[in-house]
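S.K.: pasted the sequence and its predicted model underneath.
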Amino acid sequence: MKVTKAVIPAAGFGTRFLPATKSVPKEMLPIVDKPTIQYIVEEAASAGIKDLLIITSRGKDAIVNHFDKAYELEAVLERDGKDEMLRAVREVSDKTNIHFTRQREQKGLGHAVLCAKSFVGNEPFAVMLGDDVVVSEKPCIGQLTEQYERYGATVLGVQRVGMEHVSKYGIVDCENVEGRMYALKGMVEKPKKEDAPSDIAVLGRYVITPAIFDCLERTPKGAGGEIQLTDALVMLSEYEKIYAYDFVGKRYDIGSKQGFLRATVDFALAREDLKDEFSEYLREIVKTM
Ligand code: UTP
């Protein structure tokens, strides 16, 4: 079965970016000139995903506005012949059908995904976290949907993060099946270094079977008093096989300040219109350090 739907949970408080996130959703912070959530939507579109559900919360209307039509702005850009800008504004929402729902209380990522139950219905679906932006030749979520189509089972996007970073992630215990594919044996959320089964972390991309909703409904509060998607996936693994796929691509942890800064520099250096002047500036800074 083809995966045609994706859920983007974007209802979290984004406390690591306060005070900016007091009134601006974390997902709207730009990397160069594009809000981070738009990179995620573009990744989904280029993987052939037709319908997207963005889970928002109070104070996040800027996300809804960003994907809406901007008649007045478009009219002015058209009148002034600013074709390139007009194209940039229009293409935001042209590529997929984008739907929205609100998570009324921030009870955790698992609870946010549960808010997508009626949108998803009885189909496999992708989950893409706005905290992780992945640069790759083949879209990261497309690599996972391809594996879903081969194996017909839930696939988690993973990469090695180094033992010193395991306490920030869901960490998997798994064994290699073939190439980049692993069979899941267990999973723990944010373990201490000494308790971690490996340094292989789940990094914000999943393709999940609809049986997860039944598990989420039965998942009690876990780490941080929140309903954790990791706990529901562990429950799901008792009934269905789950795989982990070591996806190809460079991933940025946009939810952290370091990751956000790195992405900003790398994305700017990858832009033809910015790289010469900006790299010259960086060279000057390095000289004075
Ligand atoms: P994070 O743990 O990064 O939380 O959530 P956060 O609130 O966004 O950021 P910090 O840690 O306070 O800085 C991981 C993902 O789950 C979503 C977030 O929007 C993010 O994409 N999430 C989390 C929800 O949608 N709802 C929740 O209740 C919690």
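M.R.: Structure's in. What do you need?

S.K.: would you mind listing what in the stretch 51-200 of the chain touches the ligand?
M.R.: I55, Q103, Q106, K107, G108, L109, H111, A112, L129, G130, D131 (C-beta under 6 Å from any ligand atom). Any C-beta I mention is one placed from the backbone N, CA and C, and that applies to glycine too.

S.K.: how many other residues sit next to the third one?
M.R.: In this case it means Q106. 14 (other C-beta atoms under 10 Å).

S.K.: tell me the residue of the stretch 1-150 of the chain that sits nearest the ligand?
M.R.: Using C-beta to the nearest ligand atom, the closest approach of the stretch 1-150 of the chain to the ligand is made by G12 at 2.3 Å.

S.K.: which strand or helix spans the closest residue to E105 other than its chain neighbours?
M.R.: Excluding the flanking residues, the one nearest E105 by C-beta to C-beta, 6 or more residues apart in numbering is H111, at 7.8 Å. Element membership for H111, per DSSP states H and E: helix 109-114.

S.K.: show me what that helix is packed against.
M.R.: With contacts taken as 3 or more C-beta pairs under 8 Å, 6 or more residues apart in numbering; DSSP states H and E, helix 109-114 sits against strand 5-9, helix 212-218, helix 229-236.

S.K.: wait, is the residue of the stretch 1-150 of the chain closest to the ligand part of a helix?
M.R.: No. Using DSSP: H, G, I helix; E, B strand; the rest coil, the assignment for G12 is coil, not a helix.

S.K.: how about it, nearest residue that isn't a chain neighbour?
M.R.: G12 sits nearest to Q106 (C-beta to C-beta, 6+ apart), 6.3 Å away.

S.K.: contacts only, for that neighbour.
M.R.: Taking C-beta atoms under 8 Å, 6 or more residues apart in numbering, we find Q106 in contact with A11, G12, F13, S57, A112.

S.K.: just want the most central residue of the chain.
M.R.: With distances taken as C-alpha atoms, centre = their mean, L129 lies nearest the centre of the chain, 2.4 Å away.

S.K.: next, count neighbours for the closest residue to it other than its chain neighbours.
M.R.: In space, and not counting its chain neighbours, L129 is closest to G204: 3.5 Å by C-beta to C-beta, 6+ apart. As a burial measure, G204 scores 26 neighbours (other C-beta under 10 Å).

S.K.: where does the residue in the stretch 151-289 of the chain positioned nearest to the ligand sit: helix, strand or coil?
M.R.: The minimum distance from the stretch 151-289 of the chain to the ligand, using C-beta to the nearest ligand atom, falls at G255 (4.5 Å). Under three-state DSSP, G255 falls in the coil class.
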